[in-house]
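> structure here, sequence nowhere to be found:
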């Protein structure tokens, strides 16, 4: 009797998996660092795969939500990603690497496949592909942006995504509000870095990060990506006095922003 | 376990000779992508090698750049950096010794199940971890990939109210850590010993973490700039984790167990008391004890953080704000103790501040050979178990080592 009850209970919980490709795993830690808030949330779902905390074999069930962080950088990564997509009603990506290529993408802007020669003597048999964002391989339904993601933002949108998976009304997949980093920055009472002549990409970048960088007096470098209405031209004009074109381009490479800016032109 | 590492199937089938960790990560080529970039990008990029110990990658790269360019920093800057490191080690250890390894010593096959069975202890571990994270958040601006620390000092300093709050939290956490330590005295530790060399930083008068010379239990004592002369980094064909061996041939161990073996007499009072209560004689060659020595270090660094926070509360912290300095050409190496052991950076910078060359040697890259050598001796002892038991025991062995594959590959 009790056993049966348990079974029913288990069935009614949405199934999710958190999977990591090549990455620093910082986005998974951003979740874990939510502490009890994360454990509470995990109590409401059935975690089918979470490699960080369990090494049990994943039975390969259908999933309500598949969550993925990192870059698909090996054939095995690619396979993992495609399988996760196939199994998941909703595929959610965590963080800058998966969404925008992240720091590994710097290689694409430099010597590409030749960057390897600075690091390895024997390169035969080592997988060294051009870095491509996750959406080049599979359809992505929702992105938690940032390097790393903002834990609180996950707590805000994840329950909505669970509801969408339950009702299967995919038109209800939420969108992060199109507002610049500056909104939260001003609300915190920070002194504007740009007004002090210090480079900051805040005005053209999607907010929602609690303006964590400018609050620490570090200029925004755009890890959350361009906002839909972000005005790159105006931003570039403001920054002209503070950094050269080359410096601007270099900084946009750190979080894989450069290709997006070029597309916007 | 952090990062993707599996075992060669041959090992599980009993092929002892080729005991080898198989890494499933891709290569991010961090050293390669640093070349040609401005030095200011280096701490930002390098810390993203690892989401669990970004603070130490950030600090070691900053220290190497400062040394290369001849940038002096103030005492207050060093104090804040040491606090960042204490916070980093406390939260990394709390995560590993409880959430990523303990289940193996309680004969449980799943960390989430363990969390459910021991709610009181879980709460304690979370509390300890939160204190470590709070230190990094207050001083570094963020826990994962901190923001304030830069070449020359800090962009922003904590307020005295924030420091006072940390002291109150730290005092509560110290009591909690001592209690959790008692719980750890009861876990079942497998018996296994294999002699090895223990490498850690060493410095007169303090339990070395932020700086010092490279020392070992076998009498090695060299300055950090001789590191690459003594520890040769080699890549085997088709392998993406480079091996590091002492004098080119011997495997060695770094991390909590190495630090305790090399400098247990420098522990703070409560940590020393707890260490003595464990009753292990030095040198201790049981690698499973790493988890207990992480517990000793958690207590030690909570005590040290309290001491330093009280000092910082009375110093002129504005001296830690980045002052002016000159960009100059130069080469330098630097090392700090990461949670998992000695982290080494080398950098070569040109006169305009652009990076010409960089090398990073992580703790896990240094310990993998030692782990494989240990496994070769451990395997025959578990060969008679069922395949499932054997897999579990080997998994427990590897997890006790606390390898970080993200760091190892970078």
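That came in fine, so what should we check first? Remember, it's a predicted structure, so these values are computed and weren't measured experimentally.

> what lies in contact with stretch B:348-355?
If you take CB atoms under 8 Å, 6 or more residues apart in numbering or on different chains as the criterion, stretch B:348-355 is touched by B:34-40, B:42, B:65, B:68-69, B:327-331, B:347, B:356-358. To be clear about C-beta, it is placed using only N, CA and C from the backbone, and glycine gets the same treatment.

> out of the residues you listed, who's near chain A?
Contacts with chain A within the contacts of stretch B:348-355, counted by CB under 8 Å from any CB of the partner chain: B:35, B:36, B:37, B:38.

> and which of these is nearest to residue B:113?
Nearest to residue B:113 among these is residue B:37, at 45.2 Å by CB to CB.

> hang on, that closest one packs against residue A:250?
Yes: counting by CB atoms under 8 Å, a contact exists between residue B:37 and residue A:250, whose distance comes to 6.8 Å.

> please, which helix or strand holds residue 175?
Because you didn't say which chain, this covers chain A. Using DSSP states H and E, residue A:175 sits in no helix or strand.

> chain B is the one I meant
Using DSSP H and E, residue B:175 sits in helix B:160-184.

> so which elements touch that helix?
helix B:119-140, helix B:269-278, helix B:290-312 (3 or more CB pairs under 8 Å, 6 or more residues apart in numbering or on different chains; DSSP states H and E).

> tilt between it and helix B:119-140?
150 degrees (axes from the mean of the first three to the mean of the last three CA atoms, to 10 degrees).

> so which bits of the stretch 151-300 of chain B are right by chain A?
Contact residues, the stretch 151-300 of chain B versus chain A (CB under 8 Å from any CB): B:155, B:156, B:235, B:236, B:237, B:238, B:240.

> farthest-apart pair in those, please.
Taking CB to CB, the two most distant members of those are B:156 and B:237; they sit 47.1 Å apart.

> compare neighbour counts for those two and give me the winner.
Higher neighbour count among residue B:156 and residue B:237: residue B:156, with 18 against 11, using other CB atoms under 10 Å in any protein chain shown.

> which residues touch the more buried one?
Residue B:156 neighbours (CB under 8 Å, 6+ apart): A:216, A:217, B:141, B:148, B:321.

> how does it look with 10 Å?
Counting by CB atoms under 10 Å, 6 or more residues apart in numbering or on different chains, residue B:156 makes contact with A:215-218, B:139-141, B:147-149, B:320-322.

> in helices, which of the residues you listed appear?
Of these, the ones assigned to helices by DSSP state H are A:215, B:139, B:140.

> re earlier: residues shared between the contacts of residue B:37 and residue A:250?
Common neighbours of residue B:37 and residue A:250, counting by CB under 10 Å, 6+ apart, are A:106, B:354.

> returning to that earlier point: between the contacts of residue B:156, which is closest to residue A:191?
Of all those, residue A:191 sits closest to residue A:217, with 8.6 Å by CB to CB.

> state the distance from the closest one to residue A:243.
17 Å (CB to CB, to the nearest Å).

> between those two, tell me which one has more neighbours.
More crowded of residue A:217 and residue A:243, by other CB under 10 Å: residue A:217, with 22 against 16.

> let me see the contact set for the nearest residue to that one once chain neighbours are set aside.
For residue A:217, ignoring the flanking residues on the chain, the nearest one in space by CB to CB, 6 or more residues apart in numbering or on different chains is residue B:155 at 4.1 Å. For residue B:155, the contact set (CB under 10 Å, 6+ apart) comprises A:198, A:213, A:216-219, B:141, B:147-149, B:320-322.

> and residue B:155, what's its pLDDT?
Looking at residue B:155, its pLDDT reads 98.

> what's the answer for the one 3 residues further on, then?
We have a pLDDT of 98 for residue B:158.

> wait, it touches residue B:166, no?
Yes: counting by CB atoms under 10 Å, residue B:166 is a contact partner of residue B:158 at 8.0 Å.

> ok so, going back, who wins for most neighbours among the ones next to chain A among the contacts of stretch B:348-355?
With neighbours set by other CB under 10 Å, the maximum within these is found at residue B:37, which has 20 neighbours.

> how about it, phi and psi?
Backbone torsions for residue B:37, taken as degrees, to the nearest 10, come to phi -100, psi 160.

> which residues of the chain score low on pLDDT?
This is for chain A. Scanning chain A for pLDDT under 70 picks out A:1-11, A:51-58.

> was after chain B, sorry
Ranges of chain B meeting pLDDT under 70: B:1-22.

> which residue ranges of it form strands?
B:5-7, B:21-23, B:149-150, B:153-154, B:197-202, B:213-216, B:221-222, B:231-234, B:243-246, B:252-253, B:330-338, B:341-349, B:355-361 (DSSP state E).

> circling back to that earlier point, now, which of the ones in helices among the contacts of residue B:156 sits nearest residue B:49?
residue B:140 (16.2 Å).

> quick one: the closest one and residue B:64, what's the gap?
19 Å.

> which one's more surrounded, those two?
Neighbour totals were compared for residue B:140 and residue B:64, and residue B:64 leads with 31 against 28 (other CB under 10 Å).

> spatially central residue for the chain, please.
Answering for chain A, as no chain was given. Of all residues in chain A, the one closest to the mean position by CA atoms, centre = their mean is residue A:95, 1.5 Å from it.

> that's the wrong chain, I wanted chain B
Centre-nearest of chain B using CA atoms, centre = their mean is residue B:339, 1.9 Å out.

> measure the nearest residue to that one once chain neighbours are set aside to chain A for me?
Distances taken as CB to CB, 6+ apart place residue B:92 nearest to residue B:339, at 3.8 Å, with adjacent residues excluded. From residue B:92 across to chain A, the span is 10 Å (CB to the nearest CB, to the nearest Å).

> who are the contact partners of residue B:88?
Contact analysis of residue B:88 by CB under 10 Å, 6+ apart lists B:52-56, B:58-59, B:132-133, B:135-136, B:140, B:143, B:146, B:209, B:301, B:336, B:338-339.

> tell me which residue of the stretch 51-200 of chain A lies closest to chain B.
Nearest residue of the stretch 51-200 of chain A to chain B, counting by CB to the nearest CB: residue A:73, 2.7 Å away.

> need phi/psi at that residue.
Torsion angles, degrees, to the nearest 10, at residue A:73: phi -110, psi -10.

> with residue B:24 instead?
phi -110, psi 0.

> next, count neighbours for it.
Using other CB under 10 Å, residue B:24 has 17 other residues around it.

> check the spacing between it and residue A:81 real quick.
Distance, residue B:24 to residue A:81, using CB to CB: 13 Å.

> so what's residue 104 closest to, chain neighbours aside?
By default, I'm working from chain A. Excluding its sequence neighbours, the residue lying closest to residue A:104 (CB to CB, 6+ apart) is residue B:28, at 4.5 Å.

> not quite, go with chain B.
Of all residues not flanking residue B:104 in the chain, residue B:396 sits nearest, at 3.3 Å (CB to CB, 6+ apart).

> any idea how many residues pack against the one you found?
Neighbour tally, residue B:396, other CB under 10 Å: 16.

> before we move on, what about residue B:195?
Neighbourhood size, residue B:195 [other CB under 10 Å]: 8.

> mind checking if stretch A:120-130 is in reach of chain B?
Yes: counting by CB under 10 Å from any CB of the partner chain, chain B has neighbours in stretch A:120-130: A:120, A:121, A:122, A:123, A:124, A:125, A:126, A:127, A:128, A:129.

> OK, contacts around the nearest residue to residue A:153 once chain neighbours are set aside?
Nearest non-adjacent residue to residue A:153, counting by CB to CB, 6+ apart: residue A:208, 5.4 Å away. Listed by CB under 10 Å, 6+ apart, the contact partners of residue A:208 are A:144-146, A:149-150, A:152-153, A:156-157, A:176-177, A:179, A:181, A:183-184, A:224, A:227.

> just residue A:83 next, same as before
Residues near residue A:83 by CB under 10 Å, 6+ apart: A:19, A:58, A:60, A:66, A:138.

> alright, I will stop here.
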